[in-house]
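return atomic coordinates for the entry below.
(chains A, B, C and D)
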Protein chains: 4
Amino acid sequence: MIKLGIVGGTGYTGAELLRLLARHPQARVSVLTSRQEAGKRADALFPHLRGHTDVVFSAPDADALAACDAVFFATPHGTAMNLAPALVERGVRVIDLSADFRLRDTAAYKQWYQHDHACPELLQESVYGLPEMNRDAIRKARVVGAPGCYPTAVQLGFAPLLEAKVIDANALIADCKSGVSGAGREVKLGSMFGEAADSFKAYGVPGHRHLPEIEQGLRLAANGAVGLTFVPHLTPMIRGIHATLYARLLKPDVDVQALFEQRFRNEAFVDVMPPGAHPETRSVRASNVCRIAVHRPRGGEVVVVLAVIDNLVKGAAGQALQCFNLMFGLDETLALDTPPLAP
Amino acid sequence: MIKLGIVGGTGYTGAELLRLLARHPQARVSVLTSRQEAGKRADALFPHLRGHTDVVFSAPDADALAACDAVFFATPHGTAMNLAPALVERGVRVIDLSADFRLRDTAAYKQWYQHDHACPELLQESVYGLPEMNRDAIRKARVVGAPGCYPTAVQLGFAPLLEAKVIDANALIADCKSGVSGAGREVKLGSMFGEAADSFKAYGVPGHRHLPEIEQGLRLAANGAVGLTFVPHLTPMIRGIHATLYARLLKPDVDVQALFEQRFRNEAFVDVMPPGAHPETRSVRASNVCRIAVHRPRGGEVVVVLAVIDNLVKGAAGQALQCFNLMFGLDETLALDTPPLAP
Amino acid sequence: MIKLGIVGGTGYTGAELLRLLARHPQARVSVLTSRQEAGKRADALFPHLRGHTDVVFSAPDADALAACDAVFFATPHGTAMNLAPALVERGVRVIDLSADFRLRDTAAYKQWYQHDHACPELLQESVYGLPEMNRDAIRKARVVGAPGCYPTAVQLGFAPLLEAKVIDANALIADCKSGVSGAGREVKLGSMFGEAADSFKAYGVPGHRHLPEIEQGLRLAANGAVGLTFVPHLTPMIRGIHATLYARLLKPDVDVQALFEQRFRNEAFVDVMPPGAHPETRSVRASNVCRIAVHRPRGGEVVVVLAVIDNLVKGAAGQALQCFNLMFGLDETLALDTPPLAP
Amino acid sequence: MIKLGIVGGTGYTGAELLRLLARHPQARVSVLTSRQEAGKRADALFPHLRGHTDVVFSAPDADALAACDAVFFATPHGTAMNLAPALVERGVRVIDLSADFRLRDTAAYKQWYQHDHACPELLQESVYGLPEMNRDAIRKARVVGAPGCYPTAVQLGFAPLLEAKVIDANALIADCKSGVSGAGREVKLGSMFGEAADSFKAYGVPGHRHLPEIEQGLRLAANGAVGLTFVPHLTPMIRGIHATLYARLLKPDVDVQALFEQRFRNEAFVDVMPPGAHPETRSVRASNVCRIAVHRPRGGEVVVVLAVIDNLVKGAAGQALQCFNLMFGLDETLALDTPPLAP
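Down below sits the predicted model:
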């Protein structure tokens, strides 16, 4: 059994890791840290896990974590970059679900997160954990920075078009909608039921922290500069991201459907839907799948890509687990093959 | 008291007309038709109206309707165009909430609604009921075609930019999100709670009936051709439309905030919010107001307009009532001045 | 114009008072206090009120409040009882929406709220603000303690049966369901969308602060001791309380429908629905009405009462306003006659 | 591989069977019938199952079904009782999720379902599929009638108390709340998002079809007559049933917590929560578990039981699958051991 640690297990991504790992045949959570909940059973905080885990929260302890084979960070930004170097040095492989190992550019990191990066060398070595873009590097990585939820949906949706250089990369639009769990489990006014239910709004239009991460990924896919307008919205649902992506085709005779099918034909977690489809977020609820449909309204030169994921799975815990499976030479789909939940 | 008739009062727009008119000091619903519910009190079907109306459904009757001063059609398309000519001939003014008097072009009507228009002459005379674009014509109209919900939000949001010719009219994008009541009160699978709750999806990407109506309005605002990509989405909320509009600025030094404030400074039902704002649909719930914010992300050349309305009020019954007030020389805000409901 | 003050205007009940008072023809909010938001416009915090109020938050100031004719307290418990005595002394009439003036018994107050009552004399003079039980006393009151939301629904539902002494008062059951706004606007984990949406649970089964208030009211109605089991539940909706009340009939031949109709025949805000009805919470959304239906399943000796209110209106701000209208000799329904909002 | 047939696979319970069976290691769906959808892939109707099933709808065919080892009926009442006899005769074991094999009493069946029972002999032989009450009989059954959703929650919640004869069986109250999916996938007005969202109501108070089924089960548990008041409510959530059960203790010194723990100590799918707990429906979402908490408010003689299930799993498809596992000598938890989904 592979021994796992989870640092910061009281949030939604931590709970989701526990839920998914409960079905993993080759790994077991042996350390789960929370300063605040130390001594409490995880299933006392998360009653849905009663019967599926016996793990108990403990205060963070360097030796206990170092005794793990791999450690997941399900913490706010700023924690993993301080703890990861010592763990890596002691042979632990690290998968960070926060923002600390996503941006290659430390200046951008500082600009958006307001503090210096604590371990720029390890950052340079670390690997961006989007398997569909980066599988081989993830396999060998000592530190993986798992992507954000919006960046996952937007990159998967634009990648085939950018890689094939069939769209104008300078005028990309990503109109994205997220369920409320995307804002995490910390209490905040905007995430209250009374504030978010039965209403819809955009937020962060002037600038959102996921923007530099998305642009970084799109530049790699495009192998060049990109121009992106990214507008996130808050949707009255628990889980789910729906990215509606717009671009102008440079080559009007390209078969975009075939392009997507070809690009993802070997991917277990990307489902290119039939022409004319409109994927719903619930069709991926609780699962690691990204479903994508591609349209050319009225046969014009604008291509519209619809991509849906579960923000807590493919957008966080599931993707981290997918990376873990790769890093340890396991079947990439272990513990990630349960059907989505609908209705 | 002005005598009103409502044809087809069993849907959401019919019920909403009854709710709003209950507070109108100068008009009274004297005829409310429904073949199916004839003989039943309206408040038996709509218990929230108990104590606010005594009207009883009756089978449609030409003479009863002709005895009204104005008749609202809250019917599916295809009904108003058959009944309106006789009513107009008998001096009744008609406000149609269906699609029958929205498209000037009878060929487009036939293409999208699959049948010929029954009264092309009256259609030519009729007036498109968007007061912020068309107030004077509405005042004198005998027949008003009240706009659809998406078209209202999109036209109000793009109008200042198109009229001022500061954007590229050939590459407009309208990413729109609607509450489920936009699909009406008829039972259909996609509107079921079990299907629409806690999920989000696009629909009609290849083509939606509101597209030609929106384009018609934008062409008038632009005084020229436009190119529009319109993607509607279904959102798990009851009421509300959020239009997120994208365009490329041709004149980067234009003050878009001032442009919007100036354009709507005398409008009772358009609220241009302060710079940086993100209007929520609930901020207009139950009201006739359209709230708009305008952004230039990172100061770039893409302008993003956020416009929200209540699809059943400013997107249907409220706008129809606003037209009615204009047609009868009343204060435009009569019965439309109640504050929105939040939370 | 009657000058009003609202202490603690940043919560849902404060915002709801502003919404309702925006339509009051004879009263105007001149002071709105919040230490934290002092200097900010109310409509900056509550954008749905843009265009309906110009009031600005100010830090609490004794003289400013004393210059009002009436002051509403929309604060957590413990505030009103400290400020009310000085205001009353200066001739201001006080309507408290918190728990400070609900319980006659200071020992019970201390038991449930963990601190001594600050003004037991004023408490004795104060009047419980449930007009349907207490109208005349409210008219003359200097201090009114407006009822809690659960107590309003439960008392109105049981009153006719207890007053008529037709049920066993020792075995009452009140199974109540509340929307999430009942927990207020302060951020707390249990009120988060991610926690409360798409789920249902009971809470406070061992004991809830509304229990002694309900029992106090039921004892008065019964003119004797009562035995009550009260179980509140959290429902994934914004507004609304549904009380399902169970009692055993002592007199099986009583016409319970007539009893309710008779008891409330002159009440503007209690709607006894026809036999067989099942009131929905949305049928009173945004309104001050309590709708009630009464059943005897299979004609047996168990009577089931269904009572619905909007917790923020009849359960809080609306009821306070109803009391205000009574206290100032106004029409009881002023600013409270807008139809409910559905769907 | 055990060959399975599902008759009527287009509803929520049919889809849920497919979802659960996708993970069953020893059974495979080989026939899935629907007259209307014949020829269509199941995952075209239920896109969340893409990648998890290849089964195609076929028109009902007696020989195809007879070639199965077991057939599930996920049909409206009235179908299974007509088809089951021939299947059983040909050696197929039948698990009916409809009401046809629930009521022992054919007169009661006729009263509530308005038609005669088609196979009273097979009905007498059939077994009520609540494993926690009836495990051994299920193992040997040729025909199992799987319980309704409300009956499952109510019976499990009352059983320990009735079996131990510690409560007054003549005055039971079951106040139950259901998610909207309990009404199935057929389109109907009351299940529309616009009707059911953000609202709460009771229904069927005069009488509900699940009442005789519940009473039948409670009589067996009590080994005597029972008196039950059952009030179902519609809750704005997709899945979940919350039963709040009330009874009067005859023996005030009984340790009800121990009673429940003892009664269910060997049950894989009943979780008796610690004292003071309030189970949420989401804590069993997507799972076959029933979580129960038992309270005595203020230590009195009223016992309050809180029981939650997922109506589509333990209340339908999961329970049917649990019965199937028993009938075929398999581990009872096969394909039913995935953790619940929260948030």
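
which stretches of the stretch 51-200 of chain A form strands?
Here the stretch 51-200 of chain A has its strands, by DSSP state E, counting those that start in this stretch, at A:57-58, A:70-73, A:93-96, A:127-128, A:143-145, A:172-178.

nearest to chain C, out of those strands?
For the strands of the stretch 51-200 of chain A, proximity to chain C was assessed by C-beta to the nearest C-beta; strand A:172-178 is nearest, at 11.7 Å. All C-beta atoms are positioned from the backbone trio N, CA, C, and that covers glycine.

with adjacent residues omitted, what lies nearest to A:Cys102?
One thing to correct before we go on: residue A:102 is Arg, not Cys. A:Gly145 (4.5 Å; C-beta to C-beta, 6 or more residues apart in numbering or on different chains).

on that earlier part again, nearest to A:Pro120, out of the strands of the stretch 51-200 of chain A?
Ranking these by proximity to A:Pro120 (C-beta to C-beta) places strand A:143-145 first, at 12.4 Å.

which strands border that closest one, and is each parallel or antiparallel?
Applying DSSP bridges, strand A:143-145 is found paired with strand A:93-96 (parallel), strand A:127-128 (parallel).

how far is the last one from where the chain is centred?
Think strand A:127-128. 12 Å (C-alpha atoms, centre = their mean, to the nearest Å).

thought A:Val71 was touching A:Ile6, still the case?
Yes - assessed by C-beta atoms under 8 Å, A:Ile6 is found in contact with A:Val71 at 7.4 Å.

who touches both of these two?
Contact criterion C-beta atoms under 8 Å, 6 or more residues apart in numbering or on different chains; residues shared by A:Ile6 and A:Val71: A:Val31.

quick one, which of those two is more surrounded?
Higher neighbour count among A:Ile6 and A:Val71: A:Ile6, with 33 against 25, using other C-beta atoms under 10 Å in any protein chain shown.

and that one, that's in a helix?
No - in this structure, A:Ile6 is strand, not part of a helix, as judged by DSSP: H, G, I helix; E, B strand; the rest coil.

which bits of the stretch 51-200 of chain A sit near chain C?
Applying C-beta under 8 Å from any C-beta of the partner chain, we find that the stretch 51-200 of chain A lies next to chain C at A:180-181, A:185, A:187-189, A:191-198.

can you check the stretch 201-343 of chain A too?
A:Pro236, A:Met237, A:Ile238.

which residues sit against the one helix or strand A:Asp43 maps to?
Using DSSP states H and E, the element containing A:Asp43 is helix A:42-45. For helix A:42-45, contacts defined as C-beta under 8 Å, 6+ apart pick out A:9-10, A:15, A:18, A:32, A:37, A:49-57.

in stretch A:333-343, what's buried?
Across stretch A:333-343, burial judged by 16 or more other C-beta atoms under 10 Å in any protein chain shown covers A:Leu334, A:Ala335, A:Leu336, A:Asp337, A:Thr338, A:Pro339, A:Pro340, A:Leu341, A:Ala342, A:Pro343.

and if you look at stretch A:69-88?
For stretch A:69-88, by 16+ other C-beta under 10 Å, it's A:69-75, A:77, A:79-81, A:83-85, A:87-88.

tell me the mean pLDDT over it?
On average, the pLDDT along stretch A:69-88 is 97.

distance across that stretch, terminal residue to terminal residue?
Start-to-end span of stretch A:69-88 (C-alpha to C-alpha, to the nearest Å) is 10 Å.

could you confirm whether it reaches chain D?
No - shown here: stretch A:69-88 not in contact with chain D (C-beta under 8 Å from any C-beta), separated by at least 14.5 Å.

give me the neighbour count for the closest residue to A:Leu259 other than its chain neighbours.
Nearest residue to A:Leu259 in three dimensions, chain neighbours excluded: A:Pro160, at 5.0 Å (C-beta to C-beta, 6+ apart). Residues lying near A:Pro160 (other C-beta under 10 Å) number 24.

isn't A:Pro160 right next to A:Gln257, touching?
No - using C-beta under 8 Å, A:Pro160 is not in contact with A:Gln257; the gap is 10.3 Å.

pick out the residue of the stretch 201-343 of chain A closest to chain C.
Closest point on the stretch 201-343 of chain A to chain C, by C-beta to the nearest C-beta, is A:Ile238, at 5.4 Å.

contacts for the lowest-mean-pLDDT helix or strand in chain A, please.
In chain A, no helix or strand scores lower on mean pLDDT, DSSP states H and E than helix A:106-113, which sits at a mean of 93. Outside helix A:106-113, the residues that touch it by C-beta under 8 Å, 6+ apart are A:His77, A:Gly78, A:Ala99, A:Leu103, A:Asp116, A:His117, A:Pro120, A:Leu123, A:Arg209, A:Pro212, A:Gln216.

from those, keep the buried residues only.
The neighbour count (16+ other C-beta under 10 Å) marks A:His77, A:Ala99, A:Leu103, A:His117, A:Leu123, A:Arg209, A:Pro212, A:Gln216 as buried among the contacts of helix A:106-113.

re the thing from before, which PyMOL command selects the buried ones in the contacts of helix A:42-45?
Those of the contacts of helix A:42-45 that count as buried under 16+ other C-beta under 10 Å are selected in PyMOL with:
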select buried, chain A and resi 9+10+15+18+32+37+49+50+51+52+53+55+57
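
what about the helices in the stretch 201-343 of chain A?
Along the stretch 201-343 of chain A, counting by DSSP state H, counting those that start in this stretch, helices occupy A:210-222, A:256-263, A:318-327.

how about a markdown table for these, with mean pLDDT added?
Shown next, in a markdown table, are the helices of the stretch 201-343 of chain A (pLDDT from 0 to 100):
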| stretch | mean pLDDT |
| --- | --- |
| helix A:210-222 | 97 |
| helix A:256-263 | 98 |
| helix A:318-327 | 98 |
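
pick the most buried one from those helices.
Ranked by average neighbour count under the criterion mean count of other C-beta atoms under 10 Å in any protein chain shown, those are headed by helix A:318-327 at a mean of 26.

what's it packed up against?
If you count contacts as 3 or more C-beta pairs under 8 Å, 6 or more residues apart in numbering or on different chains; DSSP states H and E, helix A:318-327 packs onto helix A:12-21, strand A:70-73, strand A:93-96, helix A:131-140, strand A:143-145.
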